[in-house]
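Colleague: sequence below, structure please.
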Amino acid sequence: MRRSCRPPDADGVRRDDVIVLGLGVVAALVAFVQWAARDISRVALPCLIVAAAVWALGALVVDGRSAFYGISIVGSLAIPQLPRYRGAAALGLTAYVAAVGAARLLVTQEDVSGVLIGYVIVPAGITAVLTGLMFPNQRFYGLVAELEEAREREAELAVIRERMRFASDLHDIQGHTLHVVKLKIALAQKLVRTDAERAEQELREIHALVSDTITQAKQLAYAQRRLNLSAELENAKNLFEAADINVRVEREGEVDARAGELLGQALRKTTTNILRHAQATQVRITLSESGISIVNDGAQDTPLPPAARARHPQGTRGDQRR
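Modeller: You can find the predicted model right below:
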């Protein structure tokens, strides 16, 4: 069987070749654009069908040795995206390219070696190489995508941690102040008839405390809040004494400046917890270079509930430490 061909145009290029190769280029471009957008699955099958038809027309109807580029590109982009059977699909693609090229021997009387090289070996080899190279390339882009997702999750966790920190600090400020205000109001109520001057002093301290709390809340909102350990220690002593609790402070060493703010937070929170939840009569605060120990005798005589034992497995009666 002889192949029929149209005469070439003036520029030596057949119009059939241009149309066929143009369709292959369009299919390859569409597949590449969608692959770059990570959405090639939507167009993979139509582009493969068009590219396969282009290669069949190029090999069997028109003299289009380069018509295989479309299916090589589309296949190498689409096959690594498959969830399974990627190796079988790659072999099938290569076999199709080689089979179509070999079928040219049935419709032409060209030299067998020329057909095998130009339409079988070269197209199938290039298709196999491109597809094989895309497998590690796809793995690389998969790792990049995983890193991006991990970075997004880390950013979300950072936001959640910051919100929790803000809520915890706000709880410490407001809870501490409200409990102190409650104690001082109760004391002022007792003194209002027996010692009006002392009651008035307590009310002034309440006013100053509320104003200071408002300032701290603003500093917290603008990330300007800094705790001073010495001030927190003096404040804790005053609060315990106002609640008729004997307090003793021991210093085993100078506190490291870098740990002062954290120790101030621990002292403030523990002071609030003792005042709210314990019936203490004595509190001992011990400071070291990088730690603080706060012990009181106000723990309940009844055993801790299971939930509390789970949270404080090492706790002993009358001993609260931070």
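
Colleague: which ones are touching Glu110?
Modeller: By CB atoms under 8 Å, 6 or more residues apart in numbering, the contact list for Glu110 reads Arg104. The C-beta positions use only the backbone N, C-alpha and C, and glycine is treated the same way.

Colleague: is it in a helix, a strand, or coil?
Modeller: coil (DSSP: H, G, I helix; E, B strand; the rest coil).

Colleague: next one: Val247
Modeller: Under three-state DSSP, Val247 comes out as strand.

Colleague: so it sits against Asn238, correct?
Modeller: No. Counting by CB atoms under 8 Å, Val247 does not reach Asn238; the two are 9.3 Å apart.

Colleague: those two: which is more packed in?
Modeller: Neighbours per residue, other CB atoms under 10 Å: of Val247 and Asn238, the larger number sits with Val247, 20 against 13.

Colleague: how close does the residue nearest to that one when sequence neighbours are not counted sit to Thr94?
Modeller: Of all residues not flanking Val247 in the chain, Phe240 sits nearest, at 4.2 Å (CB to CB, 6 or more residues apart in numbering). Distance from Phe240 to Thr94, counting by CB to CB, to the nearest Å: 83 Å.

Colleague: tell me which helix or strand the most centrally placed residue in the chain sits in.
Modeller: Residue closest to the average C-alpha location in the chain (CA atoms, centre = their mean): Arg153, at 1.3 Å. Using DSSP states H and E, the element containing Arg153 is helix 122-191.

Colleague: helices or strands next to that helix in the packing?
Modeller: The contact analysis (3 or more CB pairs under 8 Å, 6 or more residues apart in numbering; DSSP states H and E) places helix 122-191 against helix 68-78, helix 86-103, helix 196-221, helix 229-242, helix 257-277.

Colleague: and the angle for it with helix 229-242?
Modeller: With axes from the mean of the first three to the mean of the last three CA atoms, to 10 degrees defining the directions, helix 122-191 sits at 40 degrees from helix 229-242.

Colleague: what sits against the closest residue to Asn228 other than its chain neighbours?
Modeller: The shortest distance from Asn228 to any non-neighbouring residue, by CB to CB, 6+ apart, is to Gly264 (6.4 Å). Neighbouring residues of Gly264 by CB under 8 Å, 6+ apart: 227-229, 231-232.

Colleague: CSV please, covering these and showing distance to Gln189, pLDDT and neighbour count.
Modeller: Shown next, in CSV, are the contacts of Gly264 (distance: CB to CB, whole Å; pLDDT from 0 to 100; neighbours: other CB atoms under 10 Å):
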residue, distance to Gln189, pLDDT, neighbour count
Leu227, 31, 63, 18
Asn228, 31, 70, 12
Leu229, 33, 78, 21
Ala231, 28, 74, 10
Glu232, 27, 78, 20
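
Colleague: now, which of these sits nearest Leu287?
Modeller: Leu229 (8.1 Å; CB to CB).

Colleague: Gly291 versus that closest one, what's the distance?
Modeller: Leu229 is 12 Å from Gly291, by CB to CB.

Colleague: so what sits against both of those two?
Modeller: Leu263.

Colleague: so where is the stretch 51-200 of the chain shaky, pLDDT-wise?
Modeller: Applying pLDDT under 70 to the stretch 51-200 of the chain flags the ranges 137-138, 140-142, 162.

Colleague: do that again at 80, thanks
Modeller: Within the stretch 51-200 of the chain, the stretches with pLDDT under 80 are 62-65, 109-110, 135-148, 151-152, 154-156, 158-159, 161-163, 165-177, 179-180.

Colleague: domains of this structure?
Modeller: 15-152, 227-322 (automatic domain parsing).

Colleague: tell me the most buried of the ones you listed?
Modeller: Each of the domains of the chain was scored by mean neighbour count; the highest is domain 15-152, a mean of 17, by mean count of other CB atoms under 10 Å.

Colleague: spit out the contact partners of Ala59.
Modeller: Ala59 makes contacts with 67-68, 100-101, 103-104, 119, as judged by CB under 8 Å, 6+ apart.

Colleague: distance from the helix or strand hosting it to the middle of the chain?
Modeller: Applying DSSP H and E as the criterion places Ala59 in helix 44-60. Distance of helix 44-60 from its chain centroid, counting by CA atoms, centre = their mean, to the nearest Å, is 42 Å.

Colleague: do stretch 285-305 as well
Modeller: Using CA atoms, centre = their mean, the offset of stretch 285-305 from its chain centre is 38 Å.

Colleague: quick check: mean pLDDT of that stretch?
Modeller: For stretch 285-305, mean pLDDT rounds to 76.

Colleague: again with stretch 23-40
Modeller: Mean predicted confidence for stretch 23-40 is 86.

Colleague: residues contacting the nearest residue to Ile206 once chain neighbours are set aside?
Modeller: What sits nearest to Ile206 in space, not counting adjacent residues and going by CB to CB, 6+ apart, is Lys184, at 5.0 Å. Shown in contact with Lys184 (CB under 8 Å, 6+ apart): 202-203, 205-206, 209, 242.

Colleague: show the buried residues in the residues you listed.
Modeller: 202, 205-206, 209, 242 (16 or more other CB atoms under 10 Å).
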